[in-house]
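Colleague: Structure here, sequence nowhere to be found:
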Ligand code: BMA
């Protein structure tokens, strides 16, 4: 366990690893990136704002997980065909990637006059994209699909919002990726705590020998606006609706200049992390909705934090 005041996440010394200047088409930001290993490389899908304020999703590749090269054309832009077109007209945001037996599933938020929903697409090669379905109603975001079936079902975490139960993390199950149900709330914001306003899933859950590690975001509202930080929780391997611990402390907060200042100030927002064979985790986050950053952590230390220093769940 890291010592007092020592962060469990070590920021990469050459952050930010991606800025709008790395993108060969006009964008105003690059941020909120899902990352997965494919064919010996790291593939990153990242969100960019266009100059009209709407978002598209680009693709970048890397051999080491730190230095990424952006593909010449964006990977996901608003659909032209129904039923997706009507729901993607205001843009596509915050992609998450999940590799289930070589099938790469992509969830992303879609905005339209009907609200925000989440769409599911798949690719086998990161060249062709097949849209599968709109998998939520309105007022949902942040869907992460577990990277393997559990008890014969696909499992996801998501974040619906309602006045009565604001911005909490829920779990749902599906036999076919299209129809989801048996939903339960699993983590709620904690009063007068760093995640008091909202919690939402971040990275696709990471399998560890002690449970599924869930890196989520939490938001606190200050007189100067909202602050987005990252936290960790551990879910039971066989029954991920059972929370084994939610760490009381955040694991990352905006500190570097490009996290504190930008398109939206004071934001670190995670959509992906990659577990390395030696037990290290590469965590990717958007800084101030403007750049992409990376850091490393020891997976067992994050697991210990969930188990040894936990807060109430709901
Ligand atoms: C959330 C989402 C994220 C964004 C964050 C901070 O509500 O819109 O895409 O990174 O706010 O602005």
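Modeller: Cool, got the structure. As the structure is a computational prediction, the values presented were derived from the model and not from experiment. Residues are numbered from 1 along each chain as shown.
Colleague: Can you mark which positions in stretch 87-98 are buried?
Modeller: 87-88, 90-98 (16 or more other C-beta atoms under 10 Å). For glycine as for every other residue, the C-beta is placed from the backbone atoms N, C-alpha and C.
Colleague: can you check stretch 223-233 too?
Modeller: For stretch 223-233, the neighbour count (16+ other C-beta under 10 Å) marks 227-233 as buried.
Colleague: list the contacts for the residue of the stretch 51-200 of the chain found nearest the ligand?
Modeller: Proximity of the stretch 51-200 of the chain to the ligand (C-beta to the nearest ligand atom) peaks at residue 94, 4.8 Å away. Neighbour list for residue 94: 32, 47, 108-109, 141-142, 269, 271 [criterion: C-beta atoms under 8 Å, 6 or more residues apart in numbering].
Colleague: where does residue 1 land on pLDDT?
Modeller: Note on residue 1: pLDDT of 48.
Colleague: what about residue 82, how many neighbours?
Modeller: Using other C-beta atoms under 10 Å, residue 82 has 8 other residues around it.
Colleague: Spell out the residue ranges of the helices in the stretch 1-150 of the chain.
Modeller: For the stretch 1-150 of the chain, the helices defined by DSSP state H, counting those that start in this stretch occupy 85-88.
Colleague: Enumerate the residues of it near the ligand.
Modeller: 32, 93-94 (C-beta under 6 Å from any ligand atom).
Colleague: which other residues reach stretch 149-165?
Modeller: 100, 107, 118, 135-136, 139-146, 167-177, 180, 185-186, 188, 198-201, 205, 214, 238-240.
Colleague: Return a selection command, for use in ChimeraX, containing the buried ones of the residues you listed.
Modeller: Restricted to buried positions by 16+ other C-beta under 10 Å, the ChimeraX selection for those reads:
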select :107,118,135,136,140,141,142,143,144,145,146,167,168,169,170,171,172,173,174,177,180,186,188,198,199,200,201,205,214,240
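Colleague: Mark which of the contacts of stretch 149-165 are part of strands, please.
Modeller: Mapping the contacts of stretch 149-165 onto strands (DSSP state E) picks out 100, 107, 118, 140-145, 169-174, 185-186, 198-201, 214.
Colleague: which residues of the protein score low on pLDDT?
Modeller: By pLDDT under 70, the weakly predicted segments of the chain are 1-6.
Colleague: I would like the residues contacting the longest helix anywhere in it, please.
Modeller: Looking across the chain with DSSP state H, the single longest helix is helix 299-308. Residues from elsewhere that reach helix 299-308, judged by C-beta under 8 Å, 6+ apart: 1-2, 8, 206, 208, 210-211, 213, 215, 232-234, 244-247, 249, 251, 275, 279-281.
Colleague: Tell me the gap between that helix and the middle of its chain.
Modeller: 19 Å (C-alpha atoms, centre = their mean, to the nearest Å).
Colleague: same check, this time on stretch 291-300
Modeller: Relative to the chain's own centre, stretch 291-300 is displaced by 13 Å; criterion: C-alpha atoms, centre = their mean.
Colleague: from now on call the first residue 22
Modeller: Sure, I'll start numbering at 22, so the last one becomes stretch 312-321.
Colleague: Does the ligand have contacts with it?
Modeller: No - applying C-beta under 6 Å from any ligand atom, one finds stretch 312-321 separated from the ligand by no less than 11.7 Å.
Colleague: can you pull the buried residues of that stretch?
Modeller: Here stretch 312-321 shows 312-320 as buried, counting by 16+ other C-beta under 10 Å.
Colleague: now the helices: where do they sit in the stretch 172-321 of the chain?
Modeller: 278-281, 320-329.
Colleague: Please tabulate these in a markdown table and include distance to residue 60 as additional columns.
Modeller: Listed next are these as a markdown table, based on distance: least, C-beta to C-beta, whole Å:
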| stretch | distance to residue 60 |
| --- | --- |
| helix 278-281 | 30 |
| helix 320-329 | 23 |
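Colleague: about what we covered before: contacts with the ligand among the buried residues of stretch 244-254, please.
Modeller: Applying C-beta under 6 Å from any ligand atom to the buried residues of stretch 244-254, those adjacent to the ligand are residue 249.
Colleague: was I right about residue 287 contacting residue 280?
Modeller: Yes - here residue 287 reaches residue 280: they are 7.4 Å apart, a contact under C-beta atoms under 8 Å.
Colleague: Compare those two (neighbour count), which wins?
Modeller: With neighbours defined as other C-beta under 10 Å, residue 287 and residue 280 compare such that residue 280 has more, 27 against 21.
Colleague: hmm, back to that, against residue 73, how distant is the residue of the stretch 72-221 of the chain closest to the ligand?
Modeller: 18 Å (C-beta to C-beta, to the nearest Å).
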